[in-house]
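Undergrad: here are the coordinates; sequence isn't available:
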């Protein structure tokens, strides 16, 4: 059974293969589109599948972090041929094809399709684990020191999860399609395997939902802690103002160019008034303390 | 096969056509209503469809931005006739009819209907791409400089997405109807094409949901950054008040008309007290620094 | 075919009609209950329907606004009789009965039922248009001048939409019931009309959902603009404090009863110190300007 | 037909009845559990039902308010016996059994079951009306004077509605079960009555949803009004600071021990400077007024 | 019937058992995976089940609190053999196996499976009760003294509930599977018991939803009370500033080195001016009181 592997969907050999194996123009158009989404479509003589393998790339903005990126594998799996198109080539697509070559055999194109899909789904688990680690770290960070920078990371992961969720939902639907469609290239022996893959994708989606819940928690923690800190700052300001008040009032009063103030002419006037100020301030502090302001 | 193209639903020729081809009064009423929504209704001898092509118009309030606007195409597709009504004429409706004229043929009114629908759906992708660009820009802007003006744009796009979503949901239902209704004018050969269009609309709806999620993210970013800035401003105010306190207290004390203050009569009193003030302020700054207030 | 029209559900004639036409006690009880909700129930020999026509009444609290109010029409539509009970009589119920009398005929009680329902549903569109206008005005108002008064209106409309939505959901279920129930009084000829009414109610519900989304937008706009204004006020206060600081500090220093201050004895001391104060304030303003505080 | 009424599920007579009528151990266990929820289970020879009648008790914390409390009725309705267990006895359970005794008859255990259920559901309407009144009052109160105390009441009602909703959802499922289960004790004559009860419970659930929406509105009103008041307080503080500034600055300047200030030696200096201060303050007030700060 | 109990999924005896009883490699792989989730899978000759018993462990961070932890039990239940794998051993798994050994018998592997599942589900009720207690305490605490520490506990429980909910959803699906799958090892006699367990799990899920609602209430209470306290602090600051203003303004005025102030030369000037200050402050306090500022 021939296996044609193309690294560029615009390769003219694809047109030739389309003619030879009677591939549907809509599928060829899909394979060449920039903005494909995961899907499976089974025709009379072959199954067309689009998958989106994920791989973790170092983030150019923050080299310490990794950025999940999606590649594309198009598969035309007929009874006596297999066409795969990869765009762009990346470790994830390499791994998928390698495992299919190693563990599959020419007689079962459905098994080859399963092996490619299964390797791709296994990779998603690694991505989810990576997100789990980062969310854990962020949650600790948001409790310890809630800064706008951490919030930006929360929103960045939220954005990446929105993307991943979309791919996973489509992958789940594709698994369902492979199980149910009577034209599907998957033979009955491999149905159990595809059902297993379906369970894995469902569990991944479950994890993504949990992670979104956790990120929403982090956002709530952030907002409540900012509200709380504003409250704390306000309190400090008010306590400060309250403490300063006796000193300012008393020194203002003794700054007046008037006669008749007590201790006015006493040689130790400053001492007495200083003592009075300290007593007043102590009293204010005591009252604030009793009212649990600090 | 005759194709009647009207540019005004109130054209009296429509009444004549209704009589000749036995068009249902409810459909004529729909076609003439101001507030039609997308739908498909298949009768015994023809399929009635209402579509809402989108086109991007320069926004009169902000000439740099474009505003998505909806036109209306009504189609009566019978086995041996086609009536289309356009209101108002716009580039999107022109393009749809042109492509149908070019790629369709008189023998297949179902194909003409498909071509019109497919061109309209392709246009929605352009609108979604336009929103994607604007949301990307807004998200960056809201991080860099969260201003009420940007928020107004977020809400404006939210509003436009609510509208677009409504049209897309109805278009998806219309595609489903064209596939499933046994009276539908779409022949079996074109079912696959309509299913492809259905997939496109489903993907568009998916994108709209993603965009609404992203806009909600932007709103959360805005609110959290306003809360954060209020917190920052409060901190600056409090730090300022704290720094000013020693100077105000000391100068207040030495402004008192009392005797017995240290350095009172020294010729370098001002120097000593100035030095004392600077030391006190430095101490306050050091304490604030240790408590991580700035 | 006799048509009995009662203006009061407690009219003893209803008991007589119940005996003559064998109306179910639960239906009579429903018709006399204060708190009916929209429903359709088809028995062996008649269909019982409760509808809630809407009409816009001037609001006693705000004469410029209108207030949507619900009336009730109970219909017992048998093959050879029709009983309608109206409570209270209002323009909406008048219109519904009038149109039924004008366009219906005695031979088709199902058509009479359809005409009453259709007129009631048409009225809902007017109510939705009225809400659309008010929401548009509120959204503009909340952007221009977010006041608690406008917010109160937002919540009032939200409340009215909750009520309207409830009536519409029940009306949609009633339409479905009229289509599906084999005992329904609606004959096959009028099924298409009822389906059309069902589509209208579905579209109305869609509009209500959109309006609720828009009101939530208004609420978000309000909250974000209040947060923003608080931030602005805080900034003004801080800038003010910062600007006042040099003047207060310098005047405080020169208010001290100490010797050794520069310009102390100069006859133009006030001029020099005034100039110093202005320079310091200018410097502070320049720094704040550079840090984009105003 | 014997009717056994027990006031305590731990009564040893229950074990005896279980032996005589062959009651399933799981049902006996349920009846004796502390934490039963509403359910219906139909076996071969009897139907087991758990209901939760509601009654309004004076609230010990706030004697002016009432507190909805749930009791439990377990019913074993066989073709020739009826066992009811009440725990604890309350006005609601009394009323339910009394009506069943008055309006039911020994020949129809299904009718007795229906009468008990219907009386319980009627009581829920009273509870909903009570909540409606309290929510109305709270909504007015939150607009007039938003205090933490009112908020505590909002959350208390929310909590009670969560509980009530849970009971109602289970009661709705129980009604459905009584209609659909072929083993159900309800005969065909009473199916219409059970459907009516089902409609009532569905309407109650609808009301609970509406009330939760209204409580969320109240919470939004509270939060927006607190945000607004904080804004108002900030404005007052800033206006105050702005108004005080000229007086403080001018009096500070004239408090300096320097020469060369205007009016320094004039005998009416205080008058002139006082006039100047008033003019400056008036100017500031005018500017604030123009900028719509108050 | 032999029952093999392993305490380590990596035990080589498992491979031997897999060979002897023809266990599917995917199931062995699942049993050895680190990250299993609850599921049931019925093959031709045995049913494979994964359960997650819960137990409450003292929390190392807060010894007063307990931390729900999950263990794992894998069951291979064939017609003439039973394999159980426990990882790690804990009181919950001990209890489950013990009860199965005591109440089950060798002839019914389905009954053994049911007994294990039922004991595990009973344990979940204890965990839910524990959460109920903690949420009750937190809700009281958040009303009395809303601190960030309490909020941290709210979020910690939220996180634990997310985890528990995931396990319960999967357990519910597993119960459904055991009821519906024709290959299931559960015989018809025990179907009623499994349905009872299903009802218990559904009720547990209901409780988890209620608890999440209550935690969201606590979060809303916290946020509204922080907003309220900020408002209170602001008010105190403003009232303080307002009260201090007369004293500061009057003492500032009399600190000016100018002539012509009233009481300037009076020997009781300080007395008169002091009295004036007290009157002004009293006036301000009276106005604030009238405007309900405190």
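TA: Okay, I see it. Quick caveat, the model's predicted, so the values are computed rather than measured. Numbering: from 1, shown residues only, chains lettered A, B, ... in the order given.

Undergrad: Contacts only, for the closest residue to chain C within the stretch 151-294 of chain A.
TA: Residue of the stretch 151-294 of chain A nearest chain C, by CB to the nearest CB: residue A:255 (6.7 Å). No exception for glycine: its C-beta is placed from N, CA and C like everyone else's. Neighbour list for residue A:255: B:252, B:255, B:256, B:257, C:255, D:255, E:251, E:254, E:255 [criterion: CB atoms under 8 Å, 6 or more residues apart in numbering or on different chains].

Undergrad: Let me know the closest of these to residue E:53.
TA: Using CB to CB, the shortest approach to residue E:53 within the contacts of residue A:255 belongs to residue B:252, at 70.8 Å.

Undergrad: Kindly report the residues of the stretch 101-250 of chain A close to chain B.
TA: Selection of the stretch 101-250 of chain A residues close to chain B by CB under 8 Å from any CB of the partner chain yields A:148, A:151-152, A:155, A:158-159, A:162-163, A:166, A:219, A:222-223, A:226-227, A:229-230, A:233-234, A:236-237, A:240-241, A:244, A:247-248.

Undergrad: rerun at 7 Å
TA: Residues of the stretch 101-250 of chain A lying close to chain B (CB under 7 Å from any CB of the partner chain) are A:148, A:151-152, A:155, A:158-159, A:162, A:166, A:219, A:222-223, A:226-227, A:229-230, A:233-234, A:236-237, A:240, A:244, A:247-248.

Undergrad: count of residues packed around the residue of the stretch 1-150 of chain A found nearest chain C?
TA: At 14.4 Å from chain C, residue A:148 is the closest residue in the stretch 1-150 of chain A, using CB to the nearest CB. If you count neighbours by other CB atoms under 10 Å in any protein chain shown, residue A:148 ends up with 15.

Undergrad: Give me the three-state assignment for the residue nearest to it when sequence neighbours are not counted.
TA: Once flanking residues are discounted, residue A:148 sits nearest to residue B:228: 5.5 Å by CB to CB, 6 or more residues apart in numbering or on different chains. Classification of residue B:228 using DSSP: H, G, I helix; E, B strand; the rest coil returns helix.

Undergrad: Just give me the neighbour total for residue B:228.
TA: 21.

Undergrad: Check the one 10 residues further on too.
TA: Neighbours of residue B:238 under the rule other CB under 10 Å: 24.

Undergrad: next one: residue A:86
TA: Neighbour number of residue A:86 under other CB under 10 Å is 22.

Undergrad: can I assume it sits in a strand?
TA: Yes - assessed with three-state DSSP, residue A:86 lies in a strand.

Undergrad: Bridged to it, which residues?
TA: For residue A:86, the beta-bridge assignment (DSSP bridges) gives partners residue A:73.

Undergrad: can you list the residues of chain A near chain D?
TA: Counting by CB under 7 Å from any CB, chain A sits next to chain D at residue A:255.

Undergrad: So chain A: which segments form each domain?
TA: Using automatic domain parsing, the domain ranges for chain A come out as A:3-228, A:234-290.

Undergrad: right, and these - which one's nearest residue D:6?
TA: The minimum distance between residue D:6 and the domains of chain A falls on domain A:3-228, with 45.6 Å, by CB to CB.

Undergrad: just how off-centre is that closest one within its chain?
TA: Put simply, domain A:3-228 sits 15 Å off its chain's centre (CA atoms, centre = their mean, to the nearest Å).

Undergrad: okay, how far is it across it, tip to tip?
TA: Terminal residues of domain A:3-228 are spaced 63 Å apart (CA to CA, to the nearest Å).

Undergrad: burial count for residue A:75?
TA: Using other CB under 10 Å, residue A:75 is surrounded by 25 other residues.

Undergrad: I'd say it and residue A:116 touch.
TA: Yes - using CB atoms under 7 Å, residue A:75 is in contact with residue A:116, at 6.4 Å.

Undergrad: gap between the two ends of stretch A:38-57?
TA: End-to-end span of stretch A:38-57 (CA to CA): 21 Å.

Undergrad: Okay, buried residues for it please.
TA: Using 16 or more other CB atoms under 10 Å in any protein chain shown as the test for burial, stretch A:38-57 gives A:38-42, A:46-56.

Undergrad: out of the residues you listed, which one sits closest to residue E:5?
TA: For those, the nearest to residue E:5 is residue A:54 (39.8 Å; CB to CB).

Undergrad: just checking, what packs against the helix or strand encompassing residue A:289?
TA: Using DSSP states H and E, residue A:289 sits within helix A:269-290. Where contact means 3 or more CB pairs under 7 Å, 6 or more residues apart in numbering or on different chains; DSSP states H and E, helix A:269-290 is packed against helix A:188-254.

Undergrad: what's the pLDDT at the residue of the stretch 151-294 of chain A closest to chain C?
TA: For residue A:255, the pLDDT comes out at 84.

Undergrad: go on, residue A:294?
TA: Note for residue A:294: predicted pLDDT of 68.

Undergrad: My guess is residue A:288 contacts residue A:240. True?
TA: No - counting by CB under 7 Å, residue A:288 stays clear of residue A:240, with 10.7 Å between them.

Undergrad: burial count for the residue of the stretch 1-150 of chain A found nearest chain D?
TA: The nearest approach of the stretch 1-150 of chain A to chain D comes at residue A:146, 20.3 Å away (CB to the nearest CB). Residue A:146 has 22 neighbours, counted by other CB under 10 Å.

Undergrad: And for residue A:36?
TA: By other CB under 10 Å, 17 other residues sit near residue A:36.

Undergrad: same thing with residue A:286?
TA: Residue A:286 is flanked by 10 other residues according to other CB under 10 Å.

Undergrad: now it: how far from residue E:174?
TA: According to CB to CB, to the nearest Å, residue A:286 stands 63 Å off from residue E:174.

Undergrad: How about the residues of the stretch 101-250 of chain A by chain E?
TA: Counting by CB under 7 Å from any CB, the stretch 101-250 of chain A sits next to chain E at A:143, A:196, A:203, A:206, A:210, A:213-214, A:217, A:220-221, A:224-225, A:227-228, A:230-231, A:234-235, A:237-238, A:241-242, A:245, A:248-249.

Undergrad: Quick check: pLDDT value at the residue nearest to residue A:82 when sequence neighbours are not counted.
TA: Nearest non-adjacent residue to residue A:82, counting by CB to CB, 6+ apart: residue A:3, 4.5 Å away. Residue A:3 is assigned 90 on the pLDDT scale.

Undergrad: Go ahead and confirm residue A:3 touches residue A:78.
TA: No - Residue A:3 lies out of contact with residue A:78 (CB under 7 Å); the separation is 10.9 Å.

Undergrad: Show me the common contact partners of the two, please.
TA: Common neighbours of residue A:3 and residue A:78 (criterion: CB atoms under 7 Å, 6 or more residues apart in numbering or on different chains): none identified.

Undergrad: For residue D:95, which of the domains of chain A is the nearest?
TA: That would be domain A:3-228 among the domains of chain A, by CB to CB, at 44.2 Å.

Undergrad: follow-up on the earlier one: farthest-separated two in the contacts of residue A:255?
TA: Farthest pair in the contacts of residue A:255, by CB to CB: B:252 and E:254, 13.9 Å.

Undergrad: Name the residues of the host helix or strand of residue A:5 that are buried.
TA: Assigned by DSSP H and E, residue A:5 falls within strand A:3-6. Buried residues in strand A:3-6, counted by 16+ other CB under 10 Å: A:3, A:4, A:6.

Undergrad: burial measure for the nearest residue to residue A:124 once chain neighbours are set aside, as a count.
TA: For residue A:124, ignoring the flanking residues on the chain, the nearest one in space by CB to CB, 6+ apart is residue A:204 at 5.3 Å. Look at residue A:204: counted by other CB under 10 Å, it has 21 neighbours.
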